[in-house]
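[1] Model the structure of this input:
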Amino acid sequence: MDQRSDKKQRRHRQKMEAVKSLDDMPCDVVSKVLAFTTPADAGRSSAVSRLFRAASSWDWMWEQFLPSDIDEILPRAVTPIEFSSKKELLFRLCDPILIDGGNKEDHRLAWTLELQSFALERSTGRKCLMVSSRELWFTWGGDNRYWTFTSDYESRFAEVAQLLQVCWLDLGGEITSTMLSPKTCYAAYFIFQLKENSEGFQSPAQEASISIGAHVSETTVILEPGRRRRTTDPTIQIPRTRDDGWMEIEMGEFPNDDCKESVRFRFRQVTQMNWKRGLIVQGIEFRPKN
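    Numbering: from 1, shown residues only. From the prediction side, this is the model:
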């Protein structure tokens, strides 16, 4: 046996001994250790050994990855969520569900309860939230000469806001920070589409802002960048196509510390009174900033 083969066998024996020593640990201890990792790491750990496979199947461990207010969120689901284990629930929530935004008692909204979309980030279990256009305010939004709400089968929500024509574009909204995961940096994204006959969004650029407490993030964005803008103006945020076929553009980011504060967001172009039309707004999405 040559020296290289001998070293290889020694390494193999050391690995096997390490696995045996791990298998001597109590299953509940391993489960508690895995609870300090992430859902992705906990899932991968089942390949380490038989003990880790058993520890990673404990319902208690997967419950630690769920939001602490999950029992308040689930009753708000438009469609009841069925699950047989906390692990199944967590990965079920990695696909967005529609929730009523806590407005069931508001009879004016009884005809359209899908005001928010909730999901968990698959790798970490942190909250993701989309606020529908029905929960936003629009300048002249109550005048159907300028804005209208219409159904769109490609949207998560029953309705989307459609811009008919304005020269003063200004919209925004507000959520409470408790709707997101604490001690997490978030980014907000404007989710939209432009119709073929849209105009007024190439120039001048638009402005987006996010504020929470004393933190304010202001971003220059452009919904319809031409090739020239795309290559020569890297400081301006430009949209990208999402997997669901919609467009998104980052509005800014903010730290969500462990406190109850309002997160205010705004999107506008009011510096020049050029006419704008053909914008379809699905909503504003908040996702952890990785």
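[2] give me the number of residues near residue 189?
    Using other C-beta atoms under 10 Å, residue 189 is surrounded by 23 other residues. The way it works is simple: take the backbone N, C-alpha and C, and place the C-beta from them, glycine included.
[3] now it, which residues is it bridged with?
    Using DSSP bridges, the beta-bridge partners of residue 189 come out as residue 250, residue 285.
[4] Kindly provide the distance from it to residue 143.
    27 Å (C-beta to C-beta, to the nearest Å).
[5] Low-confidence bits of the stretch 1-150 of the chain, can you list those?
    1-28, 31-32, 36, 46-47, 54-55, 101-113 (pLDDT under 70).
[6] Can you list the residue ranges for helices in it?
    Assigned by DSSP state H, counting those that start in this stretch, the helices in the stretch 1-150 of the chain fall at 3-23, 27-34, 39-44, 50-55, 59-65, 70-73, 86-92.
[7] The stretch 151-290 of the chain now?
    Applying DSSP H, counting those that start in this stretch to the stretch 151-290 of the chain gives helices spanning 227-232.
[8] Tell me where it is predicted with low confidence.
    Judged by pLDDT under 70, the stretches of the stretch 151-290 of the chain that qualify are 227-233.
[9] Now do the contacts for residue 133.
    Neighbour list for residue 133: 149, 157, 159, 160, 161, 281, 282, 283 [criterion: C-beta atoms under 8 Å, 6 or more residues apart in numbering].
[10] at 10 Å instead, please
    115, 141, 147, 149, 155, 157, 159-162, 171, 173, 191-192, 280-284 (C-beta atoms under 10 Å, 6 or more residues apart in numbering).
[11] what about residue 201, neighbour count?
    As a measure of burial, residue 201 has 24 neighbours, counting by other C-beta under 10 Å.
[12] Residue 198 too?
    17.
[13] measure the closest residue in space to it that isn't next to it in sequence to residue 202 for me?
    In this structure, residue 198 finds its nearest non-sequential neighbour in residue 278, 2.7 Å apart by C-beta to C-beta, 6 or more residues apart in numbering. Computed with C-beta to C-beta, the distance linking residue 278 and residue 202 is 12 Å.
[14] next one: residue 73
    From residue 73 to residue 202 the distance is 40 Å (C-beta to C-beta).
[15] More neighbours: the two, which one.
    Counted by other C-beta under 10 Å, residue 73 and residue 202 do not tie: residue 73 has more neighbours, with 18 against 15.
[16] which ones are touching that one?
    66, 67, 81, 93, 97, 99, 102, 118, 127, 179.
[17] can you list these in a markdown table and add distance to residue 38 and neighbour count?
    Shown next, in a markdown table, are the contacts of residue 73 (distance: C-beta to C-beta, whole Å; neighbours: other C-beta atoms under 10 Å):
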| residue | distance to residue 38 | neighbour count |
| --- | --- | --- |
| 66 | 13 | 19 |
| 67 | 14 | 19 |
| 81 | 22 | 13 |
| 93 | 15 | 25 |
| 97 | 21 | 21 |
| 99 | 24 | 21 |
| 102 | 29 | 13 |
| 118 | 19 | 20 |
| 127 | 14 | 25 |
| 179 | 21 | 19 |
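[18] Can you list which of those are found in strands?
    97, 99, 118, 127 (DSSP state E).
[19] what bridges to the first one?
    Residue 97 has the following beta-bridge partners by DSSP bridges: residue 118.
[20] surely it meets residue 81?
    Yes - here residue 97 lies in contact with residue 81, judged by C-beta atoms under 10 Å, at a distance of 6.6 Å.
[21] what do the two both touch?
    73, 74.
[22] residues contacting residue 89?
    So residue 89 contacts 59, 62, 63, 65, 66, 70, 74, 81, 82, 83, 120 (C-beta under 10 Å, 6+ apart).
[23] ok, now how distant is it from residue 171?
    Taking C-beta to C-beta, one finds residue 89 at 34 Å from residue 171.
[24] now residue 252
    15 Å.
[25] now residue 97
    From residue 97 to residue 171 the distance is 25 Å (C-beta to C-beta).
[26] Ok, residue 139 next?
    Taken as C-beta to C-beta, the span from residue 139 to residue 171 is 7 Å.
[27] Comparing these two, which residue is more hemmed in?
    Comparing residue 139 with residue 171 by other C-beta under 10 Å, the one with more neighbours is residue 171, at 22 against 16.
[28] neighbours of the closest residue to that one other than its chain neighbours, just the number please.
    Once flanking residues are discounted, residue 171 sits nearest to residue 138: 4.6 Å by C-beta to C-beta, 6+ apart. As a burial measure, residue 138 scores 19 neighbours (other C-beta under 10 Å).
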